[in-house]
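Asks: can't give you the sequence, but here's the structure:
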């Protein structure tokens, strides 16, 4: 097992990778004409990555990036992150 991730920029990057993976796999699942097992796999990846992104937004950002970051939901939290820069 490797060392814990400490750099805030990499933590945020990792969170958005989960969101990208969720959107990509969900989009491919809907658009692509694939056999049944592949559709199931893409849907599972989409659900897993979406859950990880949600966890990232409401736990990881608060616990490791900015404990004082308030949010009233996903859109509010993402907009606050971009306004801070």
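Replies: In hand now; what should we look at? Just so it is clear, the model here is predicted, and its values are computed rather than measured.
Asks: where does the prediction get shaky in this structure?
Replies: Filtered on pLDDT under 70, the chain yields the residue ranges 1-2, 31, 33-35, 72, 84-85.
Asks: what are the ranges of the helices in it?
Replies: 8-31, 36-55, 74-84 (DSSP state H).
Asks: who are the neighbours of the first one, in terms of helices and strands?
Replies: Under the contact criterion of 3 or more Cβ pairs under 8 Å, 6 or more residues apart in numbering; DSSP states H and E, the helices and strands touching helix 8-31 comprise helix 36-55. C-beta here means a position set from N, CA and C on the backbone, and glycine is covered the same way.
Asks: give me the contact list for the helix it packs on.
Replies: Here helix 36-55 makes contact (Cβ atoms under 8 Å, 6 or more residues apart in numbering) with 15-16, 18-19, 21-22, 25-26, 28-29, 32, 34, 74.
Asks: if we use 10 Å, what do you get?
Replies: For helix 36-55, contacts defined as Cβ atoms under 10 Å, 6 or more residues apart in numbering pick out 14-30, 32-34, 60-61, 74.
Asks: ok, now stretch 6-16?
Replies: Outside stretch 6-16, the residues within contact range by Cβ under 10 Å, 6+ apart are 5, 52-57, 60-61, 63-66, 78, 81.
Asks: so can I have JSON lines of the helices of the chain showing mean neighbour count?
Replies: Shown next, in JSON lines, are the helices of the chain (neighbours: other Cβ atoms under 10 Å):
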{"stretch": "helix 8-31", "mean neighbour count": "15"}
{"stretch": "helix 36-55", "mean neighbour count": "15"}
{"stretch": "helix 74-84", "mean neighbour count": "12"}
